[in-house]
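Curious how this folds, go ahead:
(chains A and B)
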There are 2 protein chains.
Amino acid sequence: MRKVGDTSNSEDGNERNHNDEEIQKALEEVDSCQNEIDALNEQASDEIIKVEQKYNLLRNPLYHKRDEGLNKIPHFWVTAFVNHPDLSTILSDSEEDCLHHLSKVEVQEYEDIKSGYKLSFFFDENPYFENRVLTKEYHLESLEEPTCKSTAIKWKEGFDLTTPKHIASKPGQKRGREHKSFFSWFNDHSDPLSDDIAEIIKDDIYINPLQYFLVPDVGVDNGVDDEEGSDQEDENEEQSGGIIGDTDEDTHDIQNTVSEEPANA
Amino acid sequence: MRKVGDTSNSEDGNERNHNDEEIQKALEEVDSCQNEIDALNEQASDEIIKVEQKYNLLRNPLYHKRDEGLNKIPHFWVTAFVNHPDLSTILSDSEEDCLHHLSKVEVQEYEDIKSGYKLSFFFDENPYFENRVLTKEYHLESLEEPTCKSTAIKWKEGFDLTTPKHIASKPGQKRGREHKSFFSWFNDHSDPLSDDIAEIIKDDIYINPLQYFLVPDVGVDNGVDDEEGSDQEDENEEQSGGIIGDTDEDTHDIQNTVSEEPANA
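Here you go, the predicted structure:
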């Protein structure tokens, strides 16, 4: 780290008083001011956490109600995951198959919010592992070293998706620091503060998974909107949340998605 | 983007009703729920903005008072910039000299906060350019394309720091997407949403510049704290804001910094 104190170009700012005591006094003034600013920042942060907590309580019953609906939609979560442009890049084919047994995703912020969050993945009985819930927890208290831990997965014999033969199933994926599969991400606790996959699940997919489930079939099935249905329009519609039946000319994909499902009734 | 609708592994979840109408109804339930969640998120966001606005008003007079103190400390901002571990890496030697004329830094969030912010750099009369204020503005409204604009710098002849001879003055710096100098960053408007240098100035240096001005001289001048003055301790002290005179055994660098300045009084 470089220091600047020894650059004695005193031709500028001659009006200023360079007297040591004056500077010392100024530093103390600034420090006292800074302490007041810091205190206000703390207060602001506390108030914001209270707002977040209030809305978490209001959101919880809606999330539960949403879960009830999602539970009636076959393959909901794997579809949302696979349709997500970033998440899809780390899913191996075997993992995609495994995630067909993912029945529920839950994100819980800890009571004081700043201290971390927990992702829970609920699975039906499945050929891959014994666990019915896989959790990954992020503890980010500011005073301690941030940590991350996740459930030890009890793989069934021959179905361990972290073994090389499963991971290597998708050619052309990057190696190195990036996660090369969903379960290698799940088992990786190296950088809790900047876990991009966790943030995608927590701040994007979980916030509104329906938009990823209902990815528009761009002009394949219905031929509507082929000319004018630009990417921007699609994005705006997804963000506004007005997905269902606002106009006849854009019914999005609910019908299409449903009719593609095998009818097992 | 891959689709999952055609994977007809129906061996799992047989209890669930795959009937099209049921699924359609479930999707509508989920969509209605999602709209309520979205509305709550909007409300939460509005409340948080109100908190931020309230505290911005409370902080403003303190920032003004802090500016008065900082103005009495010679070379304050250039020292803070040069001591910042990330910002220092983009400063060329000529730029460092130029920033000795930087008298004030100001960060203004726009009234509705989400819509953007403005960085202002106030300069004394200087050999490099005619401008007395250089501003860089970030307009990040969610409905429009985010944009960024900055003051056109009126360089004085022979002092244009964006010309190759000045930029190339520091060997070993990376090229490519990273900014290779302060003024190339200043003139770059390519990615307003993820401008790391702007974020360092806005969310780190401006929040507490004193901590970077007062970088501890690790055991050079005073020989105190050599053994026990670990990095963690220094960091904790800087974050807590208790910089001045809590204990005799850790007077930090205020005295040292001052005594290194040439006394021009």
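
show me the contacts for residue A:40.
Counting by CB atoms under 8 Å, 6 or more residues apart in numbering or on different chains, residue A:40 touches B:55, B:58, B:59, B:62. Every residue, glycine included, has its C-beta placed from N, CA and C.

just the angle between the one helix or strand residue A:35 maps to and helix B:20-70, please?
Here residue A:35, judged by DSSP states H and E, is contained in helix A:20-70. Using axes from the mean of the first three to the mean of the last three CA atoms, to 10 degrees, the inter-axis angle of helix A:20-70 relative to helix B:20-70 is 180 degrees.

The following helix or strand past helix A:20-70 - contacts with which helices or strands?
For helix A:20-70, the following helix or strand on the C-terminal side (DSSP H and E) is helix A:76-83. With contacts defined as 3 or more CB pairs under 8 Å, 6 or more residues apart in numbering or on different chains; DSSP states H and E, helix A:76-83 has these neighbours: strand A:102-109, helix A:210-213.

Averaged pLDDT, the shortest one. What do you get?
Read that as helix A:210-213. Averaged across helix A:210-213, pLDDT comes to 95.

ok, now stretch A:148-167?
For stretch A:148-167, mean pLDDT rounds to 90.

Surely residue A:134 is in a helix?
No: counting by DSSP: H, G, I helix; E, B strand; the rest coil, residue A:134 is located in no helix; its state is strand.

Go ahead and confirm residue A:129 touches residue A:157.
No: look at residue A:129 against residue A:157 with CB atoms under 8 Å: they stay out of range, at 10.7 Å.

Same drill for those two, tell me which one is more crowded.
residue A:129 (20 against 5; other CB atoms under 10 Å in any protein chain shown).

for residue A:146, what are its contacts?
If you count contacts by CB under 8 Å, 6+ apart, then residue A:146 has A:116, A:138, A:139, A:140, A:192, A:193 around it.

Select from the residues you listed the one having the most neighbours.
In terms of neighbours by other CB under 10 Å, the contacts of residue A:146 top out with residue A:138 at 22 neighbours.

Can you give me every residue that contacts the nearest residue to that residue once chain neighbours are set aside?
Nearest non-adjacent residue to residue A:138, counting by CB to CB, 6 or more residues apart in numbering or on different chains: residue A:116, 4.5 Å away. Contacts for residue A:116 (CB under 8 Å, 6+ apart) come out as A:109, A:110, A:137, A:138, A:139, A:140, A:141, A:146.

circling back: which of the helices and strands packed on helix A:76-83 has the highest mean neighbour count?
Burial of those is given as mean neighbour count (mean count of other CB atoms under 10 Å in any protein chain shown); helix A:210-213 ranks first at a mean of 24.

Quick check: can you list the domain ranges of chain A?
Domain segmentation of chain A under automatic domain parsing yields A:29-72, A:75-215.

can you tell me which of those comes nearest to residue B:79?
Closest approach to residue B:79 among those is made by domain A:29-72 (12.8 Å; CB to CB).

quick check: mean pLDDT across the closest one?
Averaging pLDDT along domain A:29-72 yields 95.

buried sites along stretch A:199-213?
Buried residues in stretch A:199-213, counted by 16 or more other CB atoms under 10 Å in any protein chain shown: A:200, A:201, A:202, A:205, A:208, A:209, A:210, A:211, A:212, A:213.

In the residues you listed, find the pair that's most separated.
Among the buried residues of stretch A:199-213, A:202 and A:213 lie farthest apart (CB to CB), at 17.5 Å.

wait, which of the domains of chain A is closest to residue B:32?
Comparing these by CB to CB, domain A:29-72 comes nearest, at 8.6 Å.

Pull the contacting residues for residue A:198.
Contacts of residue A:198 (CB under 8 Å, 6+ apart): A:119, A:136, A:138.

Counting neighbours, what do you get for the second one?
So that's residue A:136. If you count neighbours by other CB under 10 Å, residue A:136 ends up with 23.

just the strands in the stretch 101-250 of chain A please.
For the stretch 101-250 of chain A, applying DSSP state E, counting those that start in this stretch gives strands covering A:102-109, A:116-123, A:133-139, A:147-150.

the inter-axis angle of the third one versus strand A:102-109?
What it means is strand A:133-139. Strand A:133-139 and strand A:102-109 meet at an angle of 20 degrees, taking the same axes, to 10 degrees as the criterion.

Out of the domains of chain A, the one nearest residue B:92 is which?
domain A:29-72 (28.0 Å).

Please list all residues in contact with residue A:21.
Contacts for residue A:21 (CB under 8 Å, 6+ apart) come out as none.

Return the distance of it relative to residue A:27.
11 Å (CB to CB, to the nearest Å).

contacting residues for the residue lying closest to residue A:201 once chain neighbours are set aside?
Excluding the flanking residues, the one nearest residue A:201 by CB to CB, 6+ apart is residue A:119, at 5.9 Å. Residue A:119 makes contact with A:105, A:106, A:107, A:135, A:136, A:137, A:198, A:201, A:202, according to CB under 8 Å, 6+ apart.

What degree of burial does the residue lying closest to the fifth one once chain neighbours are set aside show, as a neighbour count?
When you say that, I think you mean residue A:136. Distances taken as CB to CB, 6+ apart place residue A:150 nearest to residue A:136, at 4.0 Å, with adjacent residues excluded. Residue A:150: 19 surrounding residues under other CB under 10 Å.

wait, doesn't residue A:150 sit right on residue A:137?
Yes: at 7.2 Å, residue A:150 counts as touching residue A:137 under the criterion of CB under 8 Å.
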